[in-house]
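Trainee: this is a predicted model, with the sequence first.
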Amino acid sequence: MSEGATDQEQQSAASSAAVALFEKGRAELGKVISGQVEMIDQALLTLLCGGHALVEGVPGVAKTLTVKTLARFLSLDFRRVQGTPDMMPADILGTSVFSLKTNDFSFHKGPVFTQFLLADEINRMPPRTQAALLESMEERQVTMDGECHALDEYFTVFATQNPLEFEGTYPLPEAQLDRFLLKIHVGYPSAAEERTVLERHHAQGEAAQLEHSPIQNVSFEELAAARREVRGVRVEPAMFDYLLAVVRRTREWPAVSLGASPRAAAGLLIVAKGYAARDGRDYLIPDDVKDAALPCLRHRLILKPEVELEGFDPDRVLKDILAAVPLPK
């Protein structure tokens, strides 16, 4: 909270379910993960906003460990699939199996029928298998043999990928990338945080024991209350205009060949509302849009080849766009 916040705003933030969830999440996941506060916050935002996240980072920076620990913290059912070049859609969705007892086919559900799905190294899955996730991510259902099977309301996909390896990988197409609400960048920890990692590994004896460290879970009621707060954040007309100005500017920016879609605008709005709830506010401000812009839009922009050759990346372009859009009065 800012120094100029009123007593009423401070009291509201103190009683906010979303604020309490973020504070508890940082504390509990911090028992297992050293640092990476931004990744933890954005992972929690993914759940609260009802979306899916693509987690990108070099190997060994706790991407998978963070996702697995987050599922434990939120008390959600967890399944994991490891991306390989020979993976088939049935390995994720499930398949129909003929039973000799009933003389009929029955549907055996795949790993996608869970609340929390970790798709590790998703860019190692062949395009056909990647596409199998499209319907489940967008519509929260699976169609098999003409029959629709509903997924859980908390169904969330966290997909990880390594940005450095290209052999044996299949880059995600734009349609698949657009299904992810956030793209979370995971960098190296600081020197102090990395020292803590070494100390914890030394104390545990085995790295595998670290992911089973006891943490305090949150209830479904706490998670549901935080989700309601995100949906209840007020948006003034001037904020709609500002958010749209940012999104539409990406389509006109000289360095960009493909800008953000209307789905991206809707995603930016809900994520900005999530940042407002995280900070204990029930109304949107421009800083919320700025905080949400990079993780929400970086994977939806395609830069011109000559711009990439000059060393620009989507984050840098988005920062330039945010600086160029006038703030609402």
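Mentor: Received, thanks.
Trainee: remind me which residues of the stretch 51-200 of the chain are low pLDDT?
Mentor: 164-168 (pLDDT under 70).
Trainee: in it, which spans are helices?
Mentor: 63-73, 90-93, 127-139, 174-177, 191-204 (DSSP state H, counting those that start in this stretch).
Trainee: what residues of the longest one count as buried?
Mentor: What that stands for is helix 191-204. Neighbour counts over helix 191-204 (16 or more other CB atoms under 10 Å) mark 196-197, 200 as buried. Glycine gets a C-beta too; all of them are placed from N, C-alpha and C.
Trainee: next, format those as TSV and append distance to residue 273.
Mentor: Formatted as TSV, the buried residues of helix 191-204 follow (distance: CB to CB, whole Å):
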residue	distance to residue 273
196	33
197	34
200	35
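Trainee: sorry, back to before: of the helices of the stretch 51-200 of the chain, which approaches residue 318 most closely?
Mentor: Across those, residue 318 has its closest neighbour in helix 174-177 (15.2 Å, CB to CB).
Trainee: contacts for the closest one, please.
Mentor: 54, 130-131, 133-134, 183, 258, 299-300, 302 (CB atoms under 8 Å, 6 or more residues apart in numbering).
Trainee: do the same with stretch 252-266
Mentor: Counting by CB under 8 Å, 6+ apart, 174, 178, 243-244, 247-248, 250-251, 268, 296-297, 300-304, 307, 312, 317, 320-321 sit against stretch 252-266.
Trainee: apply 7 Å and report the result again.
Mentor: 178, 243-244, 247, 250-251, 296-297, 300-304, 307, 312, 317, 321 (CB atoms under 7 Å, 6 or more residues apart in numbering).
Trainee: cool, stretch 21-35 as well?
Mentor: 37, 40-41, 44, 62, 65-66, 69-70, 73, 189-190, 193, 196-197, 200, 210-211, 213, 215-216, 218, 222, 226, 278.
Trainee: now for residue 275, how many residues are close by?
Mentor: Look at residue 275: counted by other CB atoms under 10 Å, it has 25 neighbours.
Trainee: so for the strand or helix carrying it, mean pLDDT?
Mentor: Applying DSSP states H and E as the criterion places residue 275 in helix 262-278. Averaged across helix 262-278, pLDDT comes to 95.
Trainee: how about stretch 234-253?
Mentor: On average, stretch 234-253 scores 96.
Trainee: in it, what counts as buried?
Mentor: For stretch 234-253, by 16+ other CB under 10 Å, it's 239, 242-243, 245-247, 249-250, 253.
Trainee: for the residue nearest to residue 17 when sequence neighbours are not counted, what is the enclosing helix or strand?
Mentor: Leaving aside its sequence neighbours, residue 17 sits nearest to residue 225 (CB to CB, 6 or more residues apart in numbering; 3.8 Å). Element membership for residue 225, per DSSP H and E: helix 220-231.
Trainee: now the element after that helix, going C-ward?
Mentor: Next along from helix 220-231, by DSSP H and E: helix 237-252.
Trainee: that next one: what's the following helix or strand?
Mentor: Helix 237-252 is succeeded, C-terminally, by strand 256-258 (DSSP H and E).
Trainee: how about that next one, which residues are buried there?
Mentor: For strand 256-258, by 16+ other CB under 10 Å, it's residue 256.
Trainee: before we move on, what about stretch 57-77?
Mentor: Residues of stretch 57-77 classed as buried by neighbour count (16+ other CB under 10 Å): 57, 61-74, 76.
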